[in-house]
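Peer 1: quick one, structure for this:
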Amino acid sequence: MKFRLMFFLLLLACMYLSLAQVERPKTHCERHRVSIPTRTPEGHRIGAFIPQCDAEGTYARQQCHGSTGHCWCVDSRGQEKAGTRTSPGTPPKDCNNPADDPVTPKTHCQHHRDNTPVMPGSLVPQCDANGEYKPLQCHGSTGHCWCVNGLGKELLGTRTGPGMPRTGCQIVEPERLKTLCEHHRDNTPVMPGSFVPQCDAKGEYTPQQCHGSTGHCWCVNSLGKERLGTRRQPSMPQLEGKDCEKADEPERAKTHCERHRDSIPSLTSEGHPLLGAFIPECDANGTYTPKQCHGSTGHCWCVDSLGKERLGTRTPPGTTIDCDNAVERPGTHCERQRDSIPSMTEGHPVLGAFIPECDANGSYTPKQCHGSTGHCWCVDSRGQEKAGTRTSPGRTPPEDCDNPADQ
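Peer 2: Prediction:
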């Protein structure tokens, strides 16, 4: 009997331990916490807010955002209690003290601020101590500042750029409708390489527009359209603002070079800078400059009046060429093969195409390399690969393709 009682007690103890090891269902806070992505699909860390849960899985009464430094109190459902949010550097509220538990509903500004995702480049509105929009709002990423009304709507004509004196926003002036330039400017995504038009204090296009990334400047008409023949590259004498303020002259038709240049996109459909594209250079009259250079590869060559390369004039990076005295010769086998491979399709660079390298005489260089794959190999005078000379990316390519010992 005593043995049976001990066995029964032992069995109960085992059942208790087994039940204790059963995992409890996740709470609302824990499900909320694990559902927040901490990295983008590309693997970049983002500044998302991740709620804090206590040992029992309920929301900690005080929540803080590690990226912004703001802290606030929450209820049992994790909802922020209005009036408890504190900025970085200020003492947080005592979320365990009922006296610090106001029931004031959120204002329009607080709703706007708290529902704005904290991401690089996003605009988070600033609210004052009463929860109202601060009269002066500034974008930390772009440096622009502007005045707003009580609903947070921008007062037209008050926007200032980075480094400019900020507008006094105490006096609210009657609003006017946005101009064409302001619509153009405000709807342009702020991305590296994108052109953002400049508008004057009245919202009109400034007569001279400049691209911050390329350094090109040109004159525009009242609709912001470029006046042909006014574009200047960084290396060319620049127009002064007063030159663009002259009465609009009848515009001439675009030249072949200008149509070629303007047809090549500088941005992809996603708004990213297009790398590797060759953009021809045109002079003040719109004709091709005699010497053309590829900004990505560093190669330069001479062209005729139609922009066609003069065979035998291409030079590698670091060398010079005098296109006024250059003598064109018939194209070699290497040059014909190189020029037959399209470098662009529908205005975009052809990725993955192998383009052979020719020396100054138009012959195949002994060592050829594929820029996309990283493979290198030796070739004969006809451009045929020599067996056993190909090397993979990361391996030392053949140094002397004329030495049989290295083949």
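
Peer 1: drop to CA atoms for contacts and neighbour counts, all remaining ones
Peer 2: Will do.

Peer 1: give me the distance between Cys145 and Gln126.
Peer 2: 12 Å (Cα to Cα, to the nearest Å).

Peer 1: can you work out which residues contact both of those two?
Peer 2: Gln137 (Cα atoms under 8 Å, 6 or more residues apart in numbering).

Peer 1: these two touch, right, Cys53 and Gln62?
Peer 2: No: Cys53 lies out of contact with Gln62 (Cα atoms under 8 Å); the separation is 9.8 Å.

Peer 1: give me the common contacts of the two.
Peer 2: By Cα under 8 Å, 6+ apart, no residue touches both Cys53 and Gln62.

Peer 1: run through who's touching the helix or strand encompassing Cys219.
Peer 2: Cys219 is located in strand 217-219, with elements delineated by DSSP states H and E. Under the criterion Cα under 8 Å, 6+ apart, residues 207-211, 226-227, 230-233, 238-239, 244 lie in contact with strand 217-219.

Peer 1: and with 7 Å instead?
Peer 2: Applying Cα atoms under 7 Å, 6 or more residues apart in numbering, the contact partners of strand 217-219 are 207-211, 226-227, 230-233, 244.

Peer 1: separate out the buried members of these.
Peer 2: 207-210, 226-227, 230-233, 244 (16 or more other Cα atoms under 10 Å).

Peer 1: I'd like those residues laid out as a markdown table, including pLDDT.
Peer 2: Below are those laid out as a markdown table (pLDDT from 0 to 100):
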| residue | pLDDT |
| --- | --- |
| Pro207 | 90 |
| Gln208 | 90 |
| Gln209 | 89 |
| Cys210 | 88 |
| Glu226 | 86 |
| Arg227 | 85 |
| Thr230 | 83 |
| Arg231 | 84 |
| Arg232 | 84 |
| Gln233 | 81 |
| Cys244 | 78 |
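
Peer 1: looking at the residues you listed, which are in strands?
Peer 2: 208-210 (DSSP state E).

Peer 1: could you dump those residues into JSON lines with distance to Ser340 added?
Peer 2: Compiled in JSON lines, those are given as follows (distance: Cα to Cα, whole Å):
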{"residue": "Gln208", "distance to Ser340": "40"}
{"residue": "Gln209", "distance to Ser340": "38"}
{"residue": "Cys210", "distance to Ser340": "36"}
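
Peer 1: all helices of the stretch 301-407 of the chain, in order?
Peer 2: Taking DSSP state H, counting those that start in this stretch as the test, the helices found in the stretch 301-407 of the chain are 333-340.

Peer 1: with the stretch 101-250 of the chain instead?
Peer 2: So, for the stretch 101-250 of the chain - with DSSP H, counting those that start in this stretch - the helices run 108-114, 180-186, 241-244.

Peer 1: I'd like the average pLDDT over the second one.
Peer 2: It stands for helix 180-186. For helix 180-186, the mean pLDDT works out to 87.

Peer 1: and that helix, what's buried?
Peer 2: 181-182, 184-185.
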